[in-house]
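Q: Pasting the sequence and the predicted model now:
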Amino acid sequence: MKRLRQKVIPPLLERYELKYIIPYSLIDPISDFVSAYCSLDLYCLNSPKGFYRINSLYLDSPDWLFLRMQLDEMDNRIVMRVRSYGDSPRVPYFLEIKQKTGDVVRKYRSAVKDINWFRAYTEPGFYPREVTKDSSENISRDLFDRMVFTYNAEPKVLTQYARKAWISNVDDYARITFDVEQRFRPETDYRPVPGANQMVSCDHSLVFGNYPGCDVILEVKCYTSKVPMWIIDMIRRFGLQRTGFSKYQTGALELLGLHRYDPAFRKSIL
C-alpha cells in the first residue's frame, strides 16, 4: 500500500485552535475515530508508545507583558517561542510567533539551522549568515527579530510535553493532537534543550483542578475557512466541552509560584 505524503506546517498559518481537557482513557477511542480521516504523524511512528517530545522556549518582556495579556484574557494576545524536538534536540530549531485574536490564531514559523542563530539577539551588530529562499519564512523571521527588539523579549521558561498527533488526509489542513506529561524549568539563555533530569512536572491536580481525573490536552486545529464535518462529528460523539488552556501560562505560573491551593474550592487560585 502506498504511503500518503503528509503535509508540513506552512510558515504562515491562520487557523482555529480548539482545546479540550480529557481523561487519558479517551485517547484510544478518539484515535480510532480520527484514523478514518487522518494518519499518525511520522514523528509518532518513530517514537516509543507513539508520543514524541516537544520543547518550547518561551520569550517574554522583562515585566512579563505576554503572560499578563493571557491572564487578563485580552482579545489580542501574543506568544513567542523557540521550538525544538526530542530529549536531546539539535538544530534546526523553529522560531514561532502566535497571535491570537478572538478565536483565530495566526502563526508565524521559520527554521534556523545555524548553531549561532541566537547571537543576533545577544550580540549587538551580529548579522546572521543564514538565509532562506522561502519568502514566507523570511517574513516570519523578520517579524520574530522585530518582536525581540521591540519588546526586549528574552527567554523565560522552557516547557516540554509528549504529543501524539494525527494529520488529516482529506483536508488541506487539520490536526488532532493529544498532549501529556507537561514539564517546565527556568531558562534565561537561548537554549531550547531540556537536559537530563532538569525538567519538573507541572501536570498536577492544581493545573487541571476544574477537570478531576483529566490530564490530557486535546487540541483541534484547522483552517478558519472550513471546519471539517468529521471534526464536528468527533466533538459531538465524545461530548467534548471546549475550554482554554495555555502551556506557557502553566509553566510561567509554576515558575513564579503563583499556583496556590484554595481548600474551600479545591482548585488553584491565582
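A: Looks like it came in fine. Here the structure is a predicted model, which is why all the values come from computation and not from measurement. Numbers count the residues shown, from 1 in each chain.
Q: how about the longest helix along the chain: buried residues?
A: When the chain is parsed with DSSP state H, its longest helix is helix 135-150. Neighbour-count burial for helix 135-150 flags E137, S140, R141, L143, F144, M147, V148 (criterion: 16 or more other C-beta atoms under 10 Å). Yep, even glycine has a C-beta here, placed from its N, CA and C like the rest.
Q: who does the helix or strand that it is followed by pair up with?
A: Counting by DSSP states H and E, the next helix or strand C-terminal to helix 135-150 is strand 154-168. Sheet pairing of strand 154-168 (DSSP bridges) gives strand 38-40 (antiparallel), strand 52-60 (antiparallel), strand 174-186 (antiparallel).
Q: what distance separates the longest one from the middle of the whole chain?
A: Looking back up the chat, that one is strand 174-186. Computed by C-alpha atoms, centre = their mean, to the nearest Å, the chain-centroid distance of strand 174-186 equals 7 Å.
Q: likewise the first one?
A: Taking C-alpha atoms, centre = their mean, the mean C-alpha location of strand 38-40 is offset from the chain mean by 19 Å.
Q: Could you list the low-pLDDT ranges of the protein?
A: Residues of the chain that meet the criterion pLDDT under 70 lie in 1-12, 258-270.
Q: ok, A120 - contacts?
A: Applying C-beta atoms under 8 Å, 6 or more residues apart in numbering to A120 gives the contacts F126, Y127, P128, D145.
Q: List the residues that contact the last one.
A: So the one you mean is D145. Counting by C-beta under 8 Å, 6+ apart, D145 has contacts A120, Y121.
Q: Do a quick rundown of the strands in the chain.
A: Under the criterion DSSP state E, the chain contains strands at 12-22, 38-40, 52-60, 76-85, 93-101, 104-112, 154-168, 174-186, 200-201, 216-223, 260-262, 267-269.
Q: returning to that earlier point: ok, which of the strands paired with strand 154-168 comes nearest G195?
A: Across the strands paired with strand 154-168, G195 has its closest neighbour in strand 174-186 (7.9 Å, C-beta to C-beta).
Q: If you count neighbours, what's buried in that closest one?
A: Here strand 174-186 shows A174, R175, I176, T177, F178, D179, E181, Q182, R183, F184, R185 as buried, counting by 16+ other C-beta under 10 Å.
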